[in-house]
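[1] structure for the following, please:
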Amino acid sequence: MKHTNELITAGLLTGKVVLITGASRGIGAAAAVLFAREGAEVVLAARGTAALEEIVAGIRAQGGGAHAVAMDLADRGSVRAAVDRVGDLYGRLDGAFNNAAAIQRPGPLDTTTDEDIDEQFAVNFRGHWAAMNAQAALMRRSGGGAIVNTSSIGSRRANPALPAYGAMKRALNSLTETAAVTWAPDGIRVNGITPGGTDTEMIEAWEAATPGIKERLTASVPLGRMAEPREVAEAAAWLLSDRSAMVTGAVLPVDGGAGA
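    Modelled structure (predicted):
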C-alpha cells in the first residue's frame with residue numbers, strides 16, 4: 001500500500017472538548033492540529049507555554065478553537081490546576097490524550113540511576129494517575145468521556161536500552177486497563193496506544209546518545225519506515241471519537257507491525 005501524506009478529515013471529534021498533554025512537540029503537537037481539524041476544541045498542555053501558543057495561533061488562524069495551559073506532570077497540583085482550567089474554559093471535558101512523557105537516559109539496567117527511576121515514576125506513572133483522576137472527575141459532570149494514554153512498544157517486551165521507561169510504561173498499560181473497568185459505569189472509556197519508532201524529537205535525542213538507533217528501529221518495522229507523528233495521532237483521534245464507542249481497556253499497537 002502506497003504511503004501518502006494526504007490529510008483526510010471526517011469530523012471525528014466535532015463538538016468535543018479535548019485536553020492534550022505533551023502538546024508542544026512531536027505526537028502531541030500533531031494531535032493538537034489534527035484534533036482541531038476533526039472539529040474539537042483543544043486545550044494544549046505542556047510545562048512551558050511558548051511553543052504551545054504558536055500552535056494555538058496556527059489552529060485559530062485555520063478557524064479552530066484552541067487554548068494553552070501550563071502543566072508539569074511531576075507536580076500533582078499543576079496537573080489538577082490544568083484540568084480545572086479546562087473546566088473554567090468550557091465547563092466540561094469530553095476527551096483527554098495523555099501523551100506527555102519523560103525519557104530516561106539510554107543505558108542498561110545496572111547503570112540506570114535512582115534519579116532516572118524517580119523521574120520515570122513521577123512523570124510516566126504517578127503523573128498519569130493524577131491526570132486521569134482529575135480528568136475523570138470533570139468528565140463525570142457531563143456524563144462521561146474518553147481517555148487515551150500514550151504508552152510505548154517498549155512496554156510490551158524487554159526494553160534493555162530503556163529499562164525504567166519500559167517498566168513505567170508497562171505499569172501505565174495496567175493502569176489504563178484498570179481505569180477502563182473501574183470507570184465504565186460512569187460512561188468513561190480508557191484506552192492506550194503503544195507507538196513504535198516515531199520520527200520525533202525524542203528519537204533524535206536517542207539517536208544522539210546512541211548513534212545508529214534510528215536505522216536499527218527502522219529495520220525492525222515490517223512496513224519499512226518510522227511512523228510520522230500525525231499517524232500516531234490518528235489512532236488516538238479514533239479512540240477518542242464516538243466511532244470507537246465499544247472500545248475500552250484496549251492497548252492498541254501503532255508500530256507498523258514491529259511488535260507482531
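[2] C-alpha from now on. contacts and neighbour counts both.
    Will do.
[3] tell me, what residue is most central in the chain?
    Nearest to the mean C-alpha position of the chain, by Cα atoms, centre = their mean, lies Asn99 at 2.1 Å.
[4] my guess is it contacts Ile147. True?
    No. Applying Cα atoms under 8 Å, one finds Asn99 not in contact with Ile147, separated by 10.6 Å.
[5] for the stretch 151-260 of the chain, just list every one of the helices.
    Here the stretch 151-260 of the chain has its helices, by DSSP state H, counting those that start in this stretch, at 163-183, 201-209, 213-219, 229-240.
[6] can I get these in TSV including mean neighbour count?
    TSV is the format used below for those (neighbours: other Cα atoms under 10 Å):
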stretch	mean neighbour count
helix 163-183	21
helix 201-209	15
helix 213-219	15
helix 229-240	22
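[7] ok, which of these comes nearest Ala10?
    Among those, the nearest to Ala10 by Cα to Cα is helix 229-240 (10.5 Å).
[8] got the CA positions of that closest one in PDB?
    Taking C-alpha atoms only, helix 229-240 is exported to PDB below (Å, rounded to 0.1, in the frame of the first residue of the first chain):
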ATOM      1  CA  PRO A 229       3.600  11.900  14.500                       C
ATOM      2  CA  ARG A 230       0.300  12.500  12.800                       C
ATOM      3  CA  GLU A 231      -0.200   8.800  12.000                       C
ATOM      4  CA  VAL A 232       0.000   8.000  15.700                       C
ATOM      5  CA  ALA A 233      -2.300  10.900  16.500                       C
ATOM      6  CA  GLU A 234      -4.800   9.400  14.000                       C
ATOM      7  CA  ALA A 235      -5.200   6.300  16.200                       C
ATOM      8  CA  ALA A 236      -5.800   8.400  19.300                       C
ATOM      9  CA  ALA A 237      -8.400  10.500  17.400                       C
ATOM     10  CA  TRP A 238     -10.400   7.400  16.600                       C
ATOM     11  CA  LEU A 239     -10.200   6.100  20.200                       C
ATOM     12  CA  LEU A 240     -11.400   9.500  21.400                       C
END
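[9] the longest strand along the chain pairs with which strands?
    Ranked by number of residues, the top strand in the chain under DSSP state E is strand 188-195. Partner strands and pairing direction for strand 188-195 (DSSP bridges) are strand 145-150 (parallel), strand 251-254 (parallel).
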